[in-house]
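Novice: quick one, fold the following:
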Amino acid sequence: MLNKWLFKNIDNSALIVFRIIFGLLCFLESIGAIFTGWVKKTLVEPQFTFSFIGFEWLQPLPGNGMYYYYVIMGIFALLIMVGYKYRLGVICFAIMWTATYLMQKSSYNNHYYLLMLLSSIMVFLPAHKYASIDVKLNPKLKSFSMPRWCRLVIILQLFIVYTYASIAKLYPDWLDTSVIEILMKGKARYILVGDVLQQKWLHYILAYGGIIFDGLIVPLLLFKPTRKYAFIASIFFHLFNSFIFQIGIFPYLSLAFTLFFFEPKTIQKLFLKKKPFYNSDELVIPKLKTPLLALFSIYFLVQIGLPLRHHFFEDNVLWTEEGHRLSWRMMLRSKSGITSYRIENKDSGKSMVINLDDYLTSKQKRTASTKPDIIWQFSQHLKEKFQNEGQNIAVYVDSKISINGKSYKTLINPEVDLANVTWSSFKHSNWILPLKED
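Specialist: Residues are numbered from 1 along each chain as shown. Below you'll find the predicted structure:
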């Protein structure tokens, strides 16, 4: 029964069209990052970057290296789109995107994480078996079908993303629209819609509409009677996000996912009219069935488990950030901080307050003022810098944080030397003080 459910061949029109759109969007994301100045601000201008802890060895290339890096990544995306040396293109893109994702956290975004996962999944999908240069060069590759699991892995990944995004919104500051109100205040000058975005009734629609959309969109797309209406809602939802929040390719990538929910014959008639429609009950059990099942079982267990890990840390994840990343906690809070770093020479007893402008870009200063892991990393960076100058220092941090416009409270124990404490990814850091509720 499991074999028939996973390995029965179905028409591959959705996957073929998705590959073309996916490659195009990855190309636009790569090249767009250069022309919008994202690469310059995030990877070229900073003296150093805040890598994911454990990946400090991943640092941007010097000089103009990161511009060339993104051009090469864009070329690999084009290979995916046209289906030329597809496996090479998608493997190289996945590796390069993952590396650039892990080498900096100042511009952390759940969508970047999703693209990392998706490009890795695409490595295993036979998305080049039709409408590709690979097929023209080697006609034996041509196929009108794919195993059903190729569709299921995409749908399951989406279900995990949307479900956790919906659940994460079920907390007081979202439900009373405080978060939405703060987000919309920054859009007040938008032409035509700026004033409307400040209306309380709209905030309630956006807050509760977001919960309902994220929680129900996948089931509604799967259910044929509601599919058309869910698709229309998706268009409105993602285009609204694209216009208001300007989050690059990802609203359009999200719309491309809906290809996997429609009937293959519909996709074939709309986009691949010359392609014969595959309609057979062929069942092909791959030789590597067991390793394949094991790999994807482990992958999805990790995907289900990671967003739950914050429950095993003390205090509120909105405050400590422990377990926040890789958990689909999207645009859930507004956070501001007033943070100062004081270094003390252990030998002379002299101390001085660090001028953050001497070390960090404006974006880095914001993260180094509010996020405990980055505060710890910057403390380690200061320790290393002054050690290289022959000084043995301690780093003390005074950090006051406001979440969702509430009163400022002390985040970091100012008496703890952060330069000489170790980081643990699996337990609460005691130097992060508990949140004292109003």
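Novice: got phi/psi on Ile182?
Specialist: Dihedral pair for Ile182: phi -70, psi -40, per degrees, to the nearest 10.
Novice: residues contacting it?
Specialist: Ile182 is in contact with Ser334, Asn404, Gly405, counting by CB atoms under 8 Å, 6 or more residues apart in numbering. Heads up, the C-betas are built off the backbone N, CA and C, glycines and all.
Novice: name the helix or strand for the last one, please.
Specialist: Mapping Gly405 onto the secondary structure by DSSP states H and E places it in no helix or strand at all.
Novice: chain neighbours aside, what residue packs nearest to it?
Specialist: Nearest residue to Gly405 in three dimensions, chain neighbours excluded: Ile182, at 5.8 Å (CB to CB, 6 or more residues apart in numbering).
Novice: okay, the one you found: pLDDT?
Specialist: Ile182 carries a pLDDT value of 94.
Novice: now it: how far from Arg333?
Specialist: 9 Å (CB to CB, to the nearest Å).
Novice: again, but for Pro307
Specialist: As defined by CB to CB, Pro307 lies at a distance of 16 Å from Arg333.
Novice: cool, and Leu192?
Specialist: Where Arg333 is concerned, Leu192 sits at a distance of 28 Å (CB to CB).
Novice: what is the nearest of the contacts of Ile182 to Gln268?
Specialist: Ser334 (45.4 Å; CB to CB).
Novice: run a quick check on the closest one versus Ile401, I expect a contact.
Specialist: No: Ser334 lies out of contact with Ile401 (CB atoms under 8 Å); the separation is 11.2 Å.
Novice: quick check on those two: which one has the bigger neighbour count.
Specialist: Ile401 (23 against 18; other CB atoms under 10 Å).
Novice: beta-bridge partners for the more buried one, please?
Specialist: Gly337, Lys409 (DSSP bridges).
Novice: any residues in contact with both of Ile182 and Arg333?
Specialist: Contacts common to Ile182 and Arg333, judged by CB under 8 Å, 6+ apart, are Asn404.
Novice: now the contacts of Ile182 in TSV, with pLDDT and distance to Ile34?
Specialist: Output for the contacts of Ile182, formatted as TSV (pLDDT from 0 to 100; distance: CB to CB, whole Å):
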residue	pLDDT	distance to Ile34
Ser334	90	29
Asn404	93	34
Gly405	91	35
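Novice: could you export these as a markdown table, including distance to Ile121?
Specialist: As requested, these are exported to a markdown table (distance: CB to CB, whole Å):
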| residue | distance to Ile121 |
| --- | --- |
| Ser334 | 32 |
| Asn404 | 35 |
| Gly405 | 39 |
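Novice: tell me which element Ser399 is part of?
Specialist: Assigned by DSSP H and E, Ser399 belongs to strand 393-403.
Novice: what lies in contact with that strand?
Specialist: 173, 318-319, 333-346, 369-370, 375, 379, 382-383, 386-387, 408-412, 414-420.
Novice: more neighbours: which of Leu192 and Arg333?
Specialist: Arg333 (19 against 6).
Novice: what's around Leu308, how many residues?
Specialist: Neighbours around Leu308, by other CB under 10 Å: 12.
Novice: what's the answer for Thr290, then?
Specialist: 9.
Novice: which phi and psi does the residue minimising distance to the centre of the chain have?
Specialist: Closest residue to the average C-alpha location of the chain: Asn110 at 2.3 Å, with CA atoms, centre = their mean. Taking degrees, to the nearest 10, you get phi -60, psi -30 for the backbone angles of Asn110.
Novice: farthest from the middle of this structure: give me that residue.
Specialist: Ser348 (45.3 Å).
Novice: just the residues contacting the lowest-mean-pLDDT helix or strand in the chain, thanks.
Specialist: In the chain, the helix or strand scored least confidently by mean pLDDT, DSSP states H and E is helix 2-7, which has a mean of 84. For helix 2-7, contacts defined as CB under 8 Å, 6+ apart pick out Pro147, Arg148, Trp149, Leu152, Leu283, Val284, Ile285, Pro286, Lys289, Leu293.
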